[in-house]
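J.: All I have is the shape, not the residue letters:
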């Protein structure tokens, strides 16, 4: 895919060329080993993350089920951002409420204990 | 005022005898009835590990109740009783009727859509595409 695009975009190269090496070529931290981080001409092919709750067609997120909320918090207890988990805006909104409720009743930690 | 539904969870100390837990539940039921509410369901989750320490304890005896009432006085009274009860370490009341309503609405909405979709899919099938069903439906 990247190979197909490259010749098309290359000819008017003057402005495009500088962006090529600097953009994806740099030591950009890859968020997760989710996708096959294939290094094309100038773009990573990243696996598209989809909202897990949309896949399950969830109409609500139950704060009582700590085990389904657990993947969405960091080890230290922080709520993971959408960009990490791929959750859609609506479900992230519900999720944060559910996590906060679960924290209040000691189903989930506020912060990791030491 | 319309009826509201609440989730009521409380955590007893893990060394509380079962009889005492039942006693707490009974007093709550009684108090709710007195104030015009009703405890619809009682679900004892039993002893489980808490995510953090509460009163220096790592475990607690969880009890989950579903409460229905039409005014907030009931919740106030129940929370007061939970607060004064020695066995109870922690409690949480969550109003859930609005969420349930929303959930219902979404469900109905999806069912309506699902009922409508087959016709579209049938129209799309004569020209089968390797793409997903949704794409076919969008083209139709």
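T.: Structure received. Small disclaimer: the values here were computed from a predicted structure and weren't measured.
J.: which residues in chain B form helices?
T.: Secondary structure of chain B (DSSP state H): helices at B:18-35, B:73-84, B:97-124, B:133-139.
J.: With residue A:111 as the reference, name the closest of these.
T.: helix B:73-84 (25.2 Å; C-beta to C-beta). Every C-beta, even on glycine, is put in place using the N, C-alpha and C of the backbone.
J.: What is that closest one packed up against?
T.: strand B:4-12, helix B:18-35, strand B:57-69, strand B:88-95 (3 or more C-beta pairs under 8 Å, 6 or more residues apart in numbering or on different chains; DSSP states H and E).
J.: neighbouring contacts of the second one?
T.: Helix B:18-35 is contacted by residues B:8, B:10, B:12, B:38-39, B:42, B:44, B:61, B:63, B:65, B:67, B:69, B:73-74, B:77-78, B:81-82, B:85, B:87-88 when judged by C-beta atoms under 8 Å, 6 or more residues apart in numbering or on different chains.
J.: Count the residues that sit near residue A:109.
T.: Using other C-beta atoms under 10 Å in any protein chain shown, residue A:109 has 18 neighbouring residues.
J.: quick one, phi/psi of it?
T.: Main-chain torsions, residue A:109, degrees, to the nearest 10: phi -80, psi 150.
J.: and it, what does it touch?
T.: A:73, A:77, A:103, B:51, B:52.
J.: same thing with residue A:61?
T.: Applying C-beta under 8 Å, 6+ apart, the residues contacting residue A:61 are A:53, A:68, A:69, A:91, A:94, A:95, A:97, A:98.
J.: cool, and residue B:74?
T.: Contacts of residue B:74 (C-beta under 8 Å, 6+ apart): B:31, B:32, B:35, B:36, B:37, B:67.
J.: what's the closest non-adjacent residue to it?
T.: Setting aside the residues directly before and after it, residue B:74 is nearest to residue B:37 in space (C-beta to C-beta, 6 or more residues apart in numbering or on different chains), at 3.6 Å.
J.: List the residues that contact the one you found.
T.: Going by C-beta under 8 Å, 6+ apart, the list of residues near residue B:37 reads B:67, B:68, B:69, B:70, B:74.
J.: rewinding a little: and which of the contacts of residue A:109 is nearest to residue B:97?
T.: residue A:103 (22.4 Å).
J.: host element of that closest one?
T.: helix A:89-104 (DSSP states H and E).
J.: Next, see if that helix gets close to chain B.
T.: Yes: using C-beta under 8 Å from any C-beta of the partner chain, helix A:89-104 reaches chain B at A:101, A:103, A:104.
J.: what's the closest of the residues you listed to residue A:111?
T.: Closest approach to residue A:111 among these (C-beta to C-beta): residue A:103, at 9.6 Å.
J.: Check what pLDDT residue 36 gets.
T.: With no chain named, the answer covers chain A. At residue A:36, the model reports a pLDDT of 51.
J.: hmm, I had chain B in mind actually
T.: Here, the pLDDT recorded for residue B:36 equals 87.
J.: and what of residue A:48?
T.: Predicted confidence (pLDDT) at residue A:48: the value is 76.
J.: And residue A:27, by the same measure?
T.: For residue A:27, pLDDT reads 48.
J.: now do residue B:18
T.: So residue B:18 comes in at 89 (pLDDT).
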